[in-house]
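Novice: Would you be able to build a 3D model of this:
(2 chains)
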2 protein chains.
Amino acid sequence: MTQLKVLHTHHYHLTAAQCNAQSELAPSQLIQQIIEVATEHADILGVGFKDLQRHGNLWVLSRVAFEMKRFPRLLEDYSLTTWIEAYNRHFSERNFEIRSGSGEILGYARTIWVAINMDSRRPADLSYISYISETVSDHPCPIDKQGKIRPIDPPQIVHEYTFRVSDIDLNRHVNSTRYVELILNQMNLADFDDYFLSRFEIEYRREAHYNDTVEVASSLVDNGLLTAINLDGQTMCLARSVMAPRENKTETKNINQQT
Amino acid sequence: MTQLKVLHTHHYHLTAAQCNAQSELAPSQLIQQIIEVATEHADILGVGFKDLQRHGNLWVLSRVAFEMKRFPRLLEDYSLTTWIEAYNRHFSERNFEIRSGSGEILGYARTIWVAINMDSRRPADLSYISYISETVSDHPCPIDKQGKIRPIDPPQIVHEYTFRVSDIDLNRHVNSTRYVELILNQMNLADFDDYFLSRFEIEYRREAHYNDTVEVASSLVDNGLLTAINLDGQTMCLARSVMAPRENKTETKNINQQT
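Specialist: Reported below is the predicted structural model:
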């Protein structure tokens, strides 16, 4: 039998056009690349989009948690390495290590992927690809698993947003990274100049569609925000954003309300 | 003297996570990649971001026009090849050829880049890099140059938008690709299912900033839209979007107003 590739690495270079206002990789782009690298590894293992499609199934990203010491900077080389930490017939836990070009560890991420049936949208039975469990690795991922996110009522920061053409992905749902942008847009540009997103957790619960008008509602907590994206009283996704002072800053965290 | 690289090609592969609702490369992402490939070639020629920065100067994208036979599709390999068509001490005209992995020509693009001084924001004198004119190529670019865009008053489709954290680039201005998204978001998802953006022209006039609330105003024309993005009565950018029926569609163009 062919040796299965347990670890998969993708090398990146952060160009000027890809940078955010802090001349770094934007957190939403990190999640975009996490999805990319996961997809590549799944393809290599024979459990990618096309492979599952043949059985009428689909991988859906359910949760992401990442913790960063710092984000990749303008013109920096960096890499994402992924491996499967746990696997059963309904979901897989896939982790990531983010390193600079010189090998410095910048952060880690944990993701949970669920396989669903394309038509019924119910969990799929993946026992036919159980060989994947042979690739499970105990490569270290020294960050906490995602906790339960309970938004605090009433929220202090609320914005409405209607999803447009540019927000929709190939499954005709709102793009996973667009939710991340809406959640971080609850903070001000000045917040990201003084602080950085040191830990982020997101739980995707329901799929929003074109023309849906959602409410993005955040509660201020000690070191960041708890955010819910709601549609007609239903929670579409939940997130916890933890902000830490940048190295040259020492003040206490104080997120300003967006005006 | 070292031979200057007249043509530069970047190869891409369109992953599922990068696709839009039509399972294609989004037009805004095409412009993002045009900027990326232009930047790479400028770096190779010694006139990139870092090189100009040493003289206190900066390249600014002033105009883009592209014409596509079709856009790259899900899991397709494609490439962008760039060259300089004309160069003088104030601006450069840089063209692009977009090909599928099998060599089929998918489209062409024309761009105009102006060099400005970082502090004064006035045109810079680039006579010190006049050697660039040696790289000027007569590689064919069989699409019309950008025409004058005159929006029709009053506009039929008007939306307001306030720029957030995720819209800002490393120069602290609104990202060039975000304008493109706002312009195409004036149309409906169904428009892009039946038609595709066969030609697009954009003229970047002024720089919008964080928290600016702009008006995106479009007039319907025969085969698409004329759009202005305005801030306090000033035009930030102008665009012409030409839509063509997809191969399996034959009806006349009829952009619906977004509700």
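
Novice: what about A:Lys145, how many residues close to it?
Specialist: Neighbourhood size, A:Lys145 [other CB atoms under 10 Å in any protein chain shown]: 12. Bear in mind the C-beta positions are built from the backbone N, C-alpha and C, glycine included.

Novice: Can you verify my assumption that it contacts A:Ala65?
Specialist: Yes: taking CB atoms under 8 Å as the definition, A:Lys145 is a contact partner of A:Ala65 at 6.9 Å.

Novice: List the residues that are in contact with both of the two.
Specialist: Residues touching both A:Lys145 and A:Ala65 by CB atoms under 8 Å, 6 or more residues apart in numbering or on different chains: A:Arg110.

Novice: report the longest helix in chain A, please.
Specialist: helix A:27-44 (DSSP state H).

Novice: So is it next to chain B?
Specialist: Yes: under the criterion of CB under 8 Å from any CB of the partner chain, chain B is reached by helix A:27-44 at A:28, A:32, A:35-36, A:39-40.

Novice: List just the nearest of these to B:Leu75.
Specialist: A:Thr39 (10.2 Å; CB to CB).

Novice: Is chain B within reach of the helix or strand bottoming out on mean pLDDT in chain A?
Specialist: The weakest-scoring helix or strand in chain A, judged by mean pLDDT, DSSP states H and E, is helix A:49-53 (a mean of 85). Yes: applying CB under 8 Å from any CB, one finds helix A:49-53 in contact with chain B at A:49-50.

Novice: helices or strands up against that helix?
Specialist: Packing contacts for helix A:49-53, counted by 3 or more CB pairs under 8 Å, 6 or more residues apart in numbering or on different chains; DSSP states H and E, involve helix A:27-44, strand A:57-68.

Novice: between those, which gets nearest to B:Asp77?
Specialist: Going by CB to CB, the one of the helices and strands packed on helix A:49-53 nearest B:Asp77 is helix A:27-44, 14.2 Å.

Novice: For my notes, confirm A:Tyr128 occurs in a helix.
Specialist: Yes: under DSSP: H, G, I helix; E, B strand; the rest coil, A:Tyr128 sits within a helix.

Novice: isn't it right next to A:Gly56, touching?
Specialist: No: taking CB under 8 Å as the definition, A:Tyr128 is not a contact partner of A:Gly56, at 12.0 Å.

Novice: Next up, the contacts around the nearest residue to A:Ser130 once chain neighbours are set aside.
Specialist: Take A:Ser130 and drop its neighbours on the chain: the residue closest to it by CB to CB, 6 or more residues apart in numbering or on different chains is A:Arg89, 6.9 Å away. For A:Arg89, the contacting residues are A:125-127, A:130, by CB under 8 Å, 6+ apart.

Novice: Can you give me the pLDDT of A:Arg89?
Specialist: Looking at A:Arg89, its pLDDT reads 82.

Novice: Next: the one 3 residues further on.
Specialist: Predicted confidence (pLDDT) for A:Ser92: 92.

Novice: Does it have any beta-bridge partners, and if so which?
Specialist: Beta bridges link A:Ser92 to A:Tyr87, A:Trp113, judged by DSSP bridges.

Novice: A:His13 now?
Specialist: For A:His13, the beta-bridge partners under DSSP bridges are A:Asp77.

Novice: what about the helices in the stretch 151-259 of chain A?
Specialist: Per DSSP state H, counting those that start in this stretch, the stretch 151-259 of chain A carries helices over the ranges A:176-184, A:189-194.

Novice: quick one: which of those is nearest chain B?
Specialist: With CB to the nearest CB as the criterion, chain B lies closest to helix A:176-184 of those, at 3.8 Å.

Novice: near chain B, which residues of chain A show up?
Specialist: Selection of chain A residues close to chain B by CB under 8 Å from any CB yields A:15-23, A:26, A:28, A:32, A:35-36, A:39-40, A:49-50, A:74-75, A:164-166, A:168-170, A:172, A:176, A:181, A:184-185, A:187-189, A:192, A:210-211, A:259.

Novice: Need the buried ones from the residues you listed selected in PyMOL.
Specialist: A single PyMOL command selects the buried members of those (16 or more other CB atoms under 10 Å in any protein chain shown):
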select buried, chain A and resi 15+16+17+18+19+20+21+22+23+26+28+32+35+36+39+40+49+74+164+165+166+168+169+170+176+181+184+185+187+188+189+192+210
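
Novice: CA-only coordinates of stretch A:8-16, as PDB, when you get a sec.
Specialist: The C-alpha trace of stretch A:8-16 is given here as PDB (Å, rounded to 0.1, in the frame of the first residue of the first chain):
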ATOM      1  CA  HIS A   8       1.200  18.600   4.200                       C
ATOM      2  CA  THR A   9       2.900  22.000   3.900                       C
ATOM      3  CA  HIS A  10       2.100  25.000   1.700                       C
ATOM      4  CA  HIS A  11       4.600  27.900   1.400                       C
ATOM      5  CA  TYR A  12       3.300  31.400   1.000                       C
ATOM      6  CA  HIS A  13       4.800  34.900   0.400                       C
ATOM      7  CA  LEU A  14       2.800  37.900   1.600                       C
ATOM      8  CA  THR A  15       2.700  40.400  -1.200                       C
ATOM      9  CA  ALA A  16       1.800  44.100  -0.700                       C
END
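
Novice: about what we covered before: okay, the helices of the stretch 151-259 of chain A in CSV with distance to A:Leu226 next?
Specialist: Shown next, in CSV, are those (distance: least, CB to CB, whole Å):
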stretch, distance to A:Leu226
helix A:176-184, 10
helix A:189-194, 15
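
Novice: mind putting those in a markdown table, distance to A:His10 and mean pLDDT included?
Specialist: Formatted as a markdown table, the helices of the stretch 151-259 of chain A follow (distance: least, CB to CB, whole Å; pLDDT from 0 to 100):
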| stretch | distance to A:His10 | mean pLDDT |
| --- | --- | --- |
| helix A:176-184 | 17 | 97 |
| helix A:189-194 | 25 | 97 |
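
Novice: of all those helices, which lies closest to A:Thr227?
Specialist: The closest of those to A:Thr227 is helix A:176-184. By CB to CB, the value is 4.7 Å.

Novice: Show me what that closest one is packed against.
Specialist: For helix A:176-184, the packing partners by 3+ CB pairs under 8 Å, 6+ apart come out as helix A:27-44, strand A:195-204, strand A:213-221, strand A:224-231, strand A:234-245.

Novice: Strand partners (parallel or antiparallel) of the shortest one?
Specialist: Strand A:224-231 has the following sheet partners, assigned by DSSP bridges: strand A:213-221 (antiparallel), strand A:234-245 (antiparallel).

Novice: Format the ones you listed as JSON lines; extra columns: mean neighbour count and mean pLDDT.
Specialist: Converted to JSON lines, the strands paired with strand A:224-231 look like this (neighbours: other CB atoms under 10 Å in any protein chain shown; pLDDT from 0 to 100):
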{"stretch": "strand A:213-221", "mean neighbour count": "19", "mean pLDDT": "96"}
{"stretch": "strand A:234-245", "mean neighbour count": "20", "mean pLDDT": "97"}
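
Novice: So for B:Ala109, which of the ones you listed sits nearest?
Specialist: Here strand A:213-221 is closest among the strands paired with strand A:224-231 (CB to CB), at 34.6 Å.

Novice: Report the inter-axis angle for that closest one versus helix A:176-184.
Specialist: Here the directions of strand A:213-221 and helix A:176-184 differ by 50 degrees (axes from the mean of the first three to the mean of the last three CA atoms, to 10 degrees).

Novice: which residues make contact with strand A:213-221 from outside it?
Specialist: Applying CB under 8 Å, 6+ apart, the contact partners of strand A:213-221 are A:151-153, A:155-163, A:182-183, A:185-186, A:208, A:225-231, A:236, A:255.

Novice: of those residues, buried ones?
Specialist: Using 16+ other CB under 10 Å, the buried ones in these are A:151, A:155, A:157, A:161, A:163, A:182-183, A:185-186, A:208, A:225-231, A:236, A:255.

Novice: Isn't A:Leu52 up against A:Ala115?
Specialist: Yes: judged on CB under 8 Å, A:Leu52 makes contact with A:Ala115 at a distance of 6.5 Å.
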